[in-house]
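Trainee: Next input, structure requested:
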Amino acid sequence: MTRSFHQIACESEMLAATLDSGTGSTALLIVSGGNEIRSGAHNGMAQLALRISEQGFPVLRYDRRGIGDSSGNNLGFLGSAAEISAAAQFLRQKQQQLQTVIAFGNCDAATALALFGPDAGIDGYLLANPWVIETTSEPDMQEPTLSSAAIRSRYWDRIRNPRTIFDLLSGKIDFRKLLKGLKQASRSEENSVLSLRLRDALCRIDGPAHLLLAKRDTTARAFLAAWNSVDFATARQKSTITVEALDSASHSFADEAAKNWLTDELLRALRSD
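Mentor: The predicted model follows:
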């Protein structure tokens with residue numbers, strides 16, 4: 001395995017990319033979420049790429065236009081189709097033994113892959129905590145916006161905890177804030193336009209799509225609310241879509257147990273495709 005650094009042509013701009021080579025016929029393309037650079041928070045994606053490539057699978061990471069070392073303007077995850085396509089094409093050119101390219105993305109990168117991956121020639125998908133919340137800005141990978149569904153799930157966890165009653169009686173929990181939160185949680189909420197776009201994209205995907213969820217993460221909770229709704233019935237019936245959940249609140253799978261779980265899930269998918 002060798003690590004090398006590259007520039008990928010993307011329309012009129014250049015994407016900074018890192019390739020961990022491998023001899024396998026299946027490769028992993030990592031797409032960064034939010035406005036993160038390709039190394040990831042605390043170098044997490046660089047470490048993940050190393051662990052995967054040590055098992056023989058080539059891994060490519062890149063900075064989206066306008067992010068990190070890449071040129072151009074940041075068009076957000078909904079404007080990232082050209083980057084995904086350029087990166088997938090480059091990966092196949094550099095590792096000519098490849099038969100299959102599997103792509104991994106977390107948060108809005110997962111949603112972008114579902115939307116744009118088929119046209120980019122992606123063969124399989126690992127979609128972690130897909131982003132379904134409508135906002136006017138990029139998702140915050142550390143503190144994502146809470147949907148009503150996520151708030152309900154969070155309060156249900158607290159209500160089930162016997163210590164909550166003690167904390168209420170002792171004043172550790174602000175009763176007025178609790179009531180305000182319960183009021184927010186009680187709001188009815190239709191699926192967002194973005195979530196319905198994601199549903200349609202999932203239904204169009206021909207290859208395997210593995211949904212990986214940190215089930216106590218707020219973004220994952222919002223996705224699960226949409227996933228379990230009537231609107232997603234057709235997607236749930238697809239045999240090529242699987243859902244795996246980790247009992248974690250770590251949005252980026254940052255702790256050691258979550259890192260190991262994510263690595264195992266990626267390797268399992270790479271070995272089966």
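
Trainee: ok, residue 99 to residue 255 distance?
Mentor: From residue 99 over to residue 255 the distance is 34 Å, taken as Cβ to Cβ, to the nearest Å. (C-beta placed from N, C-alpha, C; glycine too.)

Trainee: correction: residue 120
Mentor: On the measure of Cβ to Cβ, residue 120 and residue 255 end up 32 Å apart.

Trainee: Mind checking which of those two has more residues around it?
Mentor: residue 120 (19 against 12; other Cβ atoms under 10 Å).

Trainee: So what's the predicted local confidence for that one?
Mentor: pLDDT for residue 120: 97.

Trainee: Surely it touches residue 85?
Mentor: Yes: counting by Cβ atoms under 8 Å, residue 120 touches residue 85, with 4.0 Å between them.

Trainee: list the residues that contact both of those two?
Mentor: Counting by Cβ atoms under 8 Å, 6 or more residues apart in numbering, no residue touches both residue 120 and residue 85.

Trainee: Can you give the domain ranges for this protein?
Mentor: 3-145+191-272, 148-188 (automatic domain parsing).

Trainee: Deepest in the core, which of those is it.
Mentor: domain 3-145+191-272 (a mean of 19; mean count of other Cβ atoms under 10 Å).

Trainee: thinking again about what came up before, lowest average confidence across the domains of the chain, which one?
Mentor: Between the domains of the chain, the lowest average pLDDT goes to domain 148-188, which shows a mean of 53.

Trainee: so where do the strands sit in this structure?
Mentor: Secondary structure of the chain (DSSP state E): strands located at 3-10, 13-20, 26-31, 59-62, 100-106, 124-128, 209-214, 241-246.

Trainee: List the contacts of the second one.
Mentor: So the one you mean is strand 13-20. 1-9, 38-39, 46, 49-50, 52-53, 58-65, 68-72, 83, 86-87, 90-91, 94-95.

Trainee: Ok, stretch 80-91 next?
Mentor: With Cβ under 8 Å, 6+ apart, stretch 80-91 has contacts from 6, 8-11, 15, 17, 19, 27, 29, 31, 58, 60, 62, 64-65, 98, 101, 103, 112-113, 115-117, 119-122.

Trainee: Repeat the analysis, applying 6 Å as the threshold.
Mentor: 8, 10-11, 27, 29, 60, 62, 64, 101, 112, 116, 120-121 (Cβ atoms under 6 Å, 6 or more residues apart in numbering).

Trainee: Which of those sits closest to residue 132?
Mentor: Nearest to residue 132, judged by Cβ to Cβ, of the contacts of stretch 80-91 is residue 112 at 12.5 Å.

Trainee: Apart from its neighbours in sequence, what residue is nearest that closest one?
Mentor: Closest residue to residue 112 apart from its sequence neighbours, by Cβ to Cβ, 6 or more residues apart in numbering: residue 77 at 4.4 Å.

Trainee: wait, isn't that neighbour in contact with residue 108?
Mentor: Yes: counting by Cβ atoms under 6 Å, residue 77 touches residue 108, with 3.9 Å between them.

Trainee: So what pairs up with residue 28 in the strands?
Mentor: Taking DSSP bridges as the rule, residue 28 bridges to residue 59, residue 102.

Trainee: Spit out the contact partners of it.
Mentor: Contacts of residue 28 by Cβ under 6 Å, 6+ apart are 52, 57, 59, 102.

Trainee: May I ask you to name the longest helix in this structure?
Mentor: Taking DSSP state H as the criterion, the chain has its longest helix at helix 256-272.

Trainee: Just the angle for it relative to strand 241-246, thanks.
Mentor: 160 degrees (axes from the mean of the first three to the mean of the last three Cα atoms, to 10 degrees).

Trainee: how close does residue 219 get to residue 228?
Mentor: Taken as Cβ to Cβ, the span from residue 219 to residue 228 is 15 Å.

Trainee: same deal with residue 27?
Mentor: On the measure of Cβ to Cβ, residue 27 and residue 228 end up 33 Å apart.

Trainee: what's the answer for residue 9, then?
Mentor: 42 Å.
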